[in-house]
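Participant: everything below, folded, please.
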Amino acid sequence: MTDTSRPDRGLLFDIGGVLIDWDPRHLYRKLFDNEDEMEWFLAEVATMEWNVQHDAGRTWAEGVALLTAEFPEHTDLITAYWTRWDEMLGGAIEGSVDILRRLKEAGHELNALTNWSTETFPIARERYRFLDWFEQIIVSGEEKLIKPDADLYRIALDRIGRTASECIFIDDSQKNIAAAAELGFDTIRFIDPEQLGQELAARGF
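Facilitator: Numbering: from 1, shown residues only. Predicted structure coming up:
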C-alpha cells in the first residue's frame, strides 16, 4: 500500500559548497603573505586528496602525523589545518538557506548526504542551526565511505527509506552528480542559489 502521507519526492542535499561556504583559503590567507605560496601549499602539501581521507574516516591525528612526517618543514601550517579548522568556515550560503527554509515550511522532506569528517562535523552542526531542519544527515566519515562511491548513496537511500527515483539530489560536485544520476536520482548540479531556486521551481518545489 502506498503511503499517501509522504510527499512524492524527497530532497537530498549536499552541505559544503551548497549550504555552507567551506574553503581552506579562509584560514590560510591569514597565515600566508603571498597568495601564490598559499596556493602552492594547498596544491602540493595539504591537498584536497589528503583532506578527503578524513571525510572517509581517517582521524585528524593520524592525517596530520603522516603529512608532517613527509613535510616536516611545514609542520605548523599542516597542524593548523586541524587545530584551526573552524576558521575555514566562511559562513552560510544565505540564498541556499532561504530556499531550505522555504522547503521546510512547505513541508517537504529534507535529508542531507555530506562528505565530512566525524571530528569536524559537530563544529558545523553547532554553528549552523539550520542543519537541524534535516530529518537525516548521512555523514561520510561515519560510514567510512565518500561520494561518489555508489555504496554511500545506497546507504543514504536505505536510511531515508526512499528509492533513487523518489529523490532529487543536489550537489556542487559534477562527479558526485554523475554518480547519483547513474543510480537513478534526479539531480541538480548546484551553481548558485538563484539557479537552484529556478531548477527546483521547474520541478514543482
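Participant: in this protein, which spans are helices?
Facilitator: For the chain, applying DSSP state H gives helices covering 25-28, 35-44, 48-55, 60-70, 75-83, 94-105, 121-127, 140-143, 150-160, 174-182, 193-202.
Participant: nearest to Ile168 among those would be which one?
Facilitator: helix 193-202 (7.7 Å; C-beta to C-beta). Every C-beta, even on glycine, is put in place using the N, C-alpha and C of the backbone.
Participant: output the helices of the chain in TSV; the columns should cover distance to Ala112.
Facilitator: Below are these laid out as TSV (distance: least, C-beta to C-beta, whole Å):
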stretch	distance to Ala112
helix 25-28	22
helix 35-44	26
helix 48-55	14
helix 60-70	22
helix 75-83	24
helix 94-105	10
helix 121-127	11
helix 140-143	11
helix 150-160	9
helix 174-182	13
helix 193-202	14
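Participant: what's the most buried one of these?
Facilitator: Neighbour counts averaged per stretch over the helices of the chain are highest for helix 140-143, at a mean of 19; criterion: mean count of other C-beta atoms under 10 Å.
Participant: who touches it?
Facilitator: Outside helix 140-143, the residues that touch it by C-beta atoms under 8 Å, 6 or more residues apart in numbering are 54-57, 114-119, 121, 146-147, 152, 155.
Participant: quick one, domains of this structure?
Facilitator: The chain breaks down into these domains under automatic domain parsing: 10-19+93-202, 23-88.
Participant: could you pull up the mean pLDDT of the shortest one?
Facilitator: Per-residue pLDDT over domain 23-88 has a mean of 98.
Participant: next: the first one.
Facilitator: Confidence over domain 10-19+93-202 (mean pLDDT, whole number) is 97.
Participant: now do the end-to-end distance for that domain.
Facilitator: Domain 10-19+93-202 has an end-to-end distance of 15 Å (C-alpha to C-alpha, to the nearest Å).
Participant: quick one: that domain to chain centroid distance?
Facilitator: On the basis of C-alpha atoms, centre = their mean, to the nearest Å, domain 10-19+93-202 sits 8 Å off its chain's mean C-alpha point.
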